[in-house]
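Colleague: I need the structure of the sequence given here:
(3 chains)
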Amino acid sequence: MNLTLKVWRQAHENDTGRIETYEAKDIPESASFLEMLDIVNTGIINDGGEPIHFDHDCREGICGMCSLTINGVPHSREQGITTCQVHMRKFRDGDTIWIEPFRARAFPIVKDLVVDRGAFDRIIASGGHIGVRTGSAPDANSVPIPKDDADDSFDSAACIGCGACVAACKNASAMLFVGAKANHLNRLPQGKPEKDKRVLAMVHQMDAEGFGNCTNQYECEAVCPKEISADVIAKLNRDYAAAVVRDAVE
Amino acid sequence: MASNGSLDSAIPEGPLSEKWTSYKANAKLINPANKRKYSIIVVGSGLAGGSAAATLSELGYKVKCFCYQDSPRRAHSIAAQGGINAAKNYQNDGDSVWRLFYDTIKGGDFRSREANVHRLAEVSVNIIDQCVAQGVPFAREYGGLLDNRSFGGAQVSRTFYARGQTGQQLLIGAYQALEKEIDKGGVEMFTRTEMLDLVTVDGHAKGIVTRDLKTGEVESHAADCVLLATGGYGNVFFLSTNAMGCNVMAAFRAHKRGAYMANPCFTQIHPTCIPVSGDYQSKLTLMSESLRNDGRIWVPKSAETAKKIREGQLAAKDVAEEDRDYYLERKYPSFGNLAPRDISSRSAKEVCDEGRGVATTGLGVFLDFSDAINRLGEDTIRARYGNLFQMYEKITGDNPYQTPMKIYPAVHYTMGGLWVDYNLQSNIDGLHVLGEANFSDHGANRLGASALMQGLADGYFVIPATLPNYLVKEKPGSVTTDAPEFAQAEKEAKERIEKLMSIQGTKSVDEFHRELGLLVWDKCGMSRTKEGLEEALKRIPEIRKEFWENVRIPGTAEGMNMELEKAGRVADFIDFAEVMCHDALDREESCGGHFRAEYQFTAEDEAVKTGHTGEGEAKRRDDEFCYVSAWEYTGPGEKPILHKEELNYEEVELSVRSYK
Amino acid sequence: MNALGTALLQFWKSSIGKKLIVAVTGILLVGFLVAHMVGNMLVYQGQEDLNKYAYFLHHFLHGWGIWLFRLGLIGAFALHIVATIALTRQNKEARNTRYAHEETVQAPRSSRIMIWSGLTVLGFVIFHILHFTIPVHPDLQGLKDPNDAKMVDVYTMVVRGFQNPLVVLFYIVAISLLCSHLMHGISSLFQTLGLRSEKTRLLIKRVGVGLALVLWLGFISIPVVVVMGALGDGSQEKPKPAMSAPASSSLDVTKS
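Modeller: Alright, predicted model coming up:
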């Protein structure tokens, strides 16, 4: 199949950047989207140009590195997958495809389609953990966890930190990411002791990083490759309100 | 050529089951006030590196941690699907530390070090406790307690799992612990930073040279010791289940600086991957081995039927039961579809070589769930494997609930790696190697759900206990980046980059990588011969020569340049491939992942006559090859020097591995 | 500052804190709208009932009631506006670049124009107050109930107020935008207050849309019915000279 690509090119963070057009020729239908870009890049290199830079690593939908906005939708319109799992059989011969980076002020562009998502790490560092030292853990079965709680927690823990939620949100809000991490840990008995501290710290860090806030459009859950529900945002709001009240009066 | 230079594995005295306990009891300690004076470099942030960096920082050491990804959470440990073994015996089905130890030794085809493996089995139970306390959401039963499953050829249910995302959940646990320490200031994290060289001062590893992948800047970092947790070298084959960025550079740089490379020919081919579909393919996708619990593997009995399937004239479900060959169940009645990875992989290759393969390329076998769906219902199967089935459908466009999956073996894990002693220290003082990057625990073949266990054992429990043994002899902060060795290493690293950039040839880095990959897959893959390996050893220098004359790297060395990154890695893969082939050539036996076609059981062998094993099975030669090969680098293109560590089995009796 | 003060400041500064304020004030405003609409429906009961209701509103708690109520309402309204404007500015900053190819997957249109529908409603509220609460138009001033001179003739004022089709059109547009605002706003406040979950999701959505539609129908019916002439043309049978100040719809100032 033959395609026209409209790709965001930006030499470095302070470059203004622009859309450039490439022709992708003879792309096999069974190729993945990133393999299509590999093919295009080989052509660019052979023509003496600089290949299109994009982040990718595991190419099996779990590392969270790949981060392309395809036709205006992070990871494409297909549900529940990452960019690397998009396959060309979903496109039609002659299609024009827009490829842009994940856009947000908190995710500065490094080069072309590569962005810096260090803000997510800093949010996790601020409170997205359980403060247990290695070696001090009790026997794993000493605290039974109701299966429903474990499953609820798990659904949130599935987050791969790709940042699609931020990229899809017109406010570049990180609420789905923060909500998922808070819910993963807050629902477990192990995570309860630090619950309030965690929620306050993570929300504070989230705001400090310059993410927007949630206006409840749920674009985030629509593009989340792990299909994390925006219900985690409701839980985050609730946990935050409770934490503020306890923090103020206790 | 082979030297008998004895390698001291530093195994503690005493009975096997008491070695680790007595080691810890007698280990050197560093008092808390002094710990913060020591600085430690950890390269890699996967299960081994991440857990080590976090734990060492908790103990009070100053840690610098490096990863090439944009976040430590992305290391390829994340992709492990199946589970993690631990000798908890929560299922009361007869498991024990001894049994896990024995299964791992046997699974490794008796080529691993007893003491290390026993320690691994011992600490396995602590790992689960630690991870649960961190909030890792392992699968649970309705009573709220942890669930287990049998995995990868084990006859007990000792595998803890988190849906199909065990690696991800464990890595996130380690990552969160690491971020917690970063927040406290104990760990300084360097993301998008690649190690270009190891710096040794007076024979001790005291630092590294790195390149900032965002700015292109080459920098030096000094510390009191260096830990490499940089994963395996599976990408030497170009196509593997590894992440695109996985590379051997850090380990190979250390090798060039004197660290021995051990057993590089022991590579694991995973039996259940999605078959290759075209030459544009960039990587192979693993389907969790857990699928073999319910899926049945088969090919048609006749090559004609297989041909019809390949050409789309016949659907798998229309092949009559009596025309199907469930070859694993036939050959290994007691283990059936759960036979160990090396055996399953080789069997798949055999049937495809017979022309009975079913994928369009002829390289593929069926993994069929129709029996399980009939027996348990589609909902149960969906609950167990839903996400895997979904993944398969996304990639192939086939629905595995209706038509059997097609699978084929692919390079997955590398048992070989830098040689380490019981302390996880390499033959270079101060250089410690953890996780897949070392060679220590899996022998010639790794059992399913053991990689996660080893990575975390090394990082959480082993290295924190063994590192003081080295550190206590060192004056903290004695070496800084002012040492001339750093300037020299930095200069060499920069020259290498300049050289790469100056070639401006006509072939892209990927073209060289693919060529190298195909060669080693062909000659040093699932089945190896003397002739093939010799041919590879002839071809590799030619590839190297062309690479250094004709590779094309666009752009500049300043700022981000992913082609330059790849070029540096591929250059090392080329050199590494040589060591791997030398090792495979030297090891004139078949064991685990290393199958030398010259050494297989024939009808004349006693073990075949007695029915203990079958014709064509791997033939170990314990009299001559019961050793670890540790290769010493001698120069570009030169044959490395072989050092042997004899493997002494005190508790385990070497036997012919039988899964019949 | 004491610990409580710090906590409150932190709360205001945080994004979720401001959103919680928007949600809580939103509840108050929705509550007011419901009451307002129910009161308005008395117009269909006839002149006497509506005028009596207006009289009651202006005189309960010795006339203090309505002022307490108004203060609360103005406070909620102001907070709602100040917080949403602050949040919107933050959001614009957070996404400082646009996609060359914009696309939306599931965000409904109503959710995407919240700030505009909200600001239109603000403009409408000002118009509405000048229209009926402190009527600036001389025809609507000083109307007295024909049967009881101590009561203001709200009924006639309403009927007269909607004789102009342009005014009616403006009401229809503004109330439609208000209801668009509510369609997204009502379900959103449940989310912000943390009450949305798998079990309640559908219900909340239905409540939000349902309530918004009921309010739309209720509010919009009056101008439409009046302009169609069903309630007469607003001429009083026994007009009385204006003795005291203006009157208006259900919430009204009376200078007695």
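Colleague: burial measure for the nearest residue to A:Cys214 once chain neighbours are set aside, as a count.
Modeller: Counting by Cβ to Cβ, 6 or more residues apart in numbering or on different chains, A:Cys214 lies nearest to A:Met175, which is 4.2 Å off, once chain neighbours are set aside. C-beta coordinates here come from the backbone N, C-alpha and C atoms, glycine included. Using other Cβ atoms under 10 Å in any protein chain shown, A:Met175 is surrounded by 30 other residues.
Colleague: roughly how far apart are A:Met175 and A:Glu221?
Modeller: Distance from A:Met175 to A:Glu221, counting by Cβ to Cβ, to the nearest Å: 11 Å.
Colleague: intersection of neighbour lists for those two?
Modeller: A:Cys165 (Cβ atoms under 8 Å, 6 or more residues apart in numbering or on different chains).
Colleague: Quick one, grab the pLDDT at C:Leu4.
Modeller: According to the model's per-residue confidence, C:Leu4 sits at a pLDDT of 78.
Colleague: now what about the strand or helix carrying it, what contacts it?
Modeller: Of the helices and strands defined by DSSP states H and E, C:Leu4 is found in helix C:3-13. With Cβ under 8 Å, 6+ apart as the contact definition, helix C:3-13 has outside contacts at A:204, A:207, A:244, A:247-249, C:1, C:17-18, C:20-21.
Colleague: Can you tell me which of these lies closest to chain B?
Modeller: Minimum separation from chain B among the contacts of helix C:3-13 (Cβ to the nearest Cβ) is found for A:His204, which lies at 12.7 Å.
Colleague: The one helix or strand that closest one maps to: which residues count as buried?
Modeller: Using DSSP H and E, A:His204 sits in helix A:195-208. Of the residues in helix A:195-208, those buried under the neighbour-count criterion (16 or more other Cβ atoms under 10 Å in any protein chain shown) are A:195-196, A:198-207.
Colleague: how about the strands in chain A?
Modeller: If you assign secondary structure with DSSP state E, the strands in chain A sit at A:3-9, A:18-24, A:68-70, A:73-74, A:96-101, A:109-111, A:114-115.
Colleague: Can you work out which other helices and strands pack against the third one?
Modeller: Packed against strand A:68-70, as judged by 3 or more Cβ pairs under 8 Å, 6 or more residues apart in numbering or on different chains; DSSP states H and E, are the following elements: strand A:96-101.
Colleague: Show me the contact partners of stretch B:460-472.
Modeller: A:134-135, B:23-24, B:27-30, B:38, B:40, B:51-52, B:55-56, B:59, B:119, B:123, B:126-127, B:130, B:224-225, B:227, B:422-425, B:429-430, B:432, B:434.
Colleague: from these, which ones fall inside helices?
Modeller: By the criterion of DSSP state H, membership of the contacts of stretch B:460-472 in helices covers B:23-24, B:51-52, B:55-56, B:59, B:119, B:123, B:126-127, B:130.
Colleague: Which of the helices or strands spans the residue lying closest to B:Pro541 once chain neighbours are set aside?
Modeller: The spatial neighbour of B:Pro541 that comes closest, neighbours along the chain excluded (Cβ to Cβ, 6+ apart), is B:Gly637 at 5.5 Å. Using DSSP H and E, B:Gly637 maps to neither a helix nor a strand.
Colleague: Distance of B:Gly637 relative to B:Tyr327?
Modeller: With distances taken as Cβ to Cβ, B:Gly637 is found 42 Å from B:Tyr327.
Colleague: between these two, which one's more packed in?
Modeller: For B:Gly637 versus B:Tyr327, the count of surrounding residues by other Cβ under 10 Å is larger for B:Tyr327: 21 against 11.
Colleague: From what I see, that one and B:Ser347 are in contact.
Modeller: Yes: taking contacts as Cβ atoms under 8 Å, B:Tyr327 lies within contact range of B:Ser347: 5.7 Å.
Colleague: would you say B:Trp631 is within a helix?
Modeller: No: the assignment for B:Trp631 is strand, going by DSSP: H, G, I helix; E, B strand; the rest coil, so no helix is present there.
Colleague: Is it in contact with B:Leu642, as I believe?
Modeller: Yes: counting by Cβ under 8 Å, B:Leu642 is a contact partner of B:Trp631 at 6.1 Å.
Colleague: what about these two, which has more around it?
Modeller: Looking at B:Trp631 and B:Leu642 with other Cβ under 10 Å, you find the greater number of neighbours at B:Trp631, namely 25 against 19.
Colleague: how about the closest residue to the more buried one other than its chain neighbours, what does it touch?
Modeller: Leaving aside its sequence neighbours, B:Trp631 sits nearest to B:Pro640 (Cβ to Cβ, 6+ apart; 4.0 Å). Contacts of B:Pro640 were listed using Cβ under 8 Å, 6+ apart, and they are B:261, B:579, B:582, B:631-634.
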